[in-house]
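Colleague: return atomic coordinates for the entry below.
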Amino acid sequence: MRITKIAIFLALFLVLFLSVTLFADGEKEMQKTFGPKEEVRLKFALGDCRVEKSSDGQIHVHLVYSYEDGDIFEPKLEERARVLYLEEKFHGNNPRGYSRWTVAVPDNTEIDFNSGTGNLIISGSTAKIDGNTGTGDIEVDNAKGKFKVNSGTGDVDVHGSEGEFKLNSGTGRVKIENSKGNFNANSGTGDVEAHGLTIEFEGDFNSGTGDVEVSFPKGEDFDLTASSGTGDAVVDMQGNPIQGYFEFSAQARRGRIVSPVKFDKEEEYMEGDHRYLLKSFTKGKKSPRVYIKTGTGTAKLKE
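Modeller: This next block holds a predicted model:
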């Protein structure tokens with residue numbers, strides 16, 4: 001009998017402890033379902049967002065947050081004929097807490113995302129994405145569609161995806177792996193990496209001051225550019241045969257050009273106040289066309 005009373009007491013204590021913990025944590029949630037829309041527009045001050053594929057053709061919104069209700073944080077969900085608007089409103093200064101949105105959408109829904117500091121994850125969906133964040137990271141994982149994404153200071157990562165990609169970070173790293181399509185990837189000061197790609201028509205990878213490294217992609221008649229203003233620009237053949245047109249450029253006095261194949265043509269040209277070297281060769285066939293460029297770093301083709 002005594003053991004039973006102790007067990008009951010411990011059970012009640014555990015329930016009370018969990019209740020107090022959940023209450024103290026202050027986490028709240030909201031779930032709503034909407035019919036399909038042509039577009040979902042998300043305007044968040046601070047929130048993170050995960051966009052994923054809906055399993056039933058409806059739009060499902062799941063919000064978890066820890067801000068105070070009413071006076072500080074107000075989530076707004078507004079439905080119109082073709083657009084669903086999701087927005088964060090804050091009343092007061094210096095809000096403390098977090099908000100995490102998960103939005104499941106049917107295929108081919110347009111997504112317009114803006115957040116001051118939040119992260120954006122696009123996973124498993126087929127969509128047209130226009131995403132911007134000031135300081136958050138952006139990730140595209142196992143998705144298809146058109147992706148135009150930008151982060152001021154965060155990293156941009158793409159994995160196992162397919163489509164048209166326009167990727168940009170002001171100071172973060174941009175990395176693309178095991179993906180197919182056409183690519184325009186840029187970073188102001190961060191590194192740019194691309195590995196395991198299939199390029200359909202064009203791949204353009206650039207950094208202002210970071211290094212650029214591209215593993216030679218699969219594909220046929222495409223243009224590939226690896227370019228850095230002051231860092232190294234490297235195309236790695238990874239043992240694949242060197243075939244196509246290859247062109248290198250670097251500042252004559254401060255840059256370097258490295259190639260395992262002798263050049264067919266070498267010349268110099270002026271760009272602004274700087275003299276540049278331009279060297280090229282064609283081997284086997286005229287395509288793909290590969291351009292490796294740097295200002296003061298090294299433009300290099302690796303075997």
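
Colleague: so what's L197 closest to, chain neighbours aside?
Modeller: By the measure of CB to CB, 6 or more residues apart in numbering, the closest residue to L197 outside its immediate chain neighbours is P217, 4.1 Å from it. C-beta here means a position set from N, CA and C on the backbone, and glycine is covered the same way.

Colleague: and the pLDDT at that neighbour?
Modeller: Listed pLDDT for P217 reads 98.

Colleague: what does I8 give?
Modeller: 43.

Colleague: could you do the one 5 residues further on as well?
Modeller: In the predicted model, F13 carries a pLDDT score of 41.

Colleague: I3 too?
Modeller: pLDDT, I3: 46.

Colleague: identify the bridge partners of the residue nearest to I292 when sequence neighbours are not counted.
Modeller: Nearest residue to I292, sequence neighbours excluded (CB to CB, 6+ apart): A299, at 4.4 Å. Beta-bridge pairing for A299 (DSSP bridges): A233, I257.

Colleague: hang on, isn't A299 packed against Q251?
Modeller: No - judged on CB atoms under 8 Å, A299 makes no contact with Q251 at a distance of 10.1 Å.

Colleague: between the two, which one's more packed in?
Modeller: Legend: neighbour count by other CB atoms under 10 Å for A299 and Q251, higher for A299 (28 against 17).

Colleague: so which strand or helix has P36?
Modeller: With elements delineated by DSSP states H and E, P36 resides in a region that no helix or strand encompasses.

Colleague: so how far is E88 from D48?
Modeller: 11 Å (CB to CB, to the nearest Å).

Colleague: my bad, G196
Modeller: Going from G196 to E88 by CB to CB gives 37 Å.

Colleague: so between the two, which is more surrounded?
Modeller: E88 (23 against 15).

Colleague: what helix or strand is the more buried one located in?
Modeller: Using DSSP H and E, E88 maps to strand 83-90.

Colleague: before we move on, what about A194?
Modeller: Using DSSP H and E, A194 falls within strand 192-195.

Colleague: run me through the strand neighbours of that strand, direction for each.
Modeller: strand 174-177 (parallel), strand 212-215 (parallel).

Colleague: what's the first helix or strand after the last one?
Modeller: Going back to what we said before, that points to strand 212-215. strand 223-228.

Colleague: ditto for the first one
Modeller: Toward the C-terminal end, the helix or strand that comes next after strand 174-177 (DSSP H and E) is strand 180-187.

Colleague: that following strand versus strand 223-228: what angle between them?
Modeller: 20 degrees (axes from the mean of the first three to the mean of the last three CA atoms, to 10 degrees).

Colleague: which parts of this protein belong to which domain?
Modeller: 24-147, 155-303 (automatic domain parsing).
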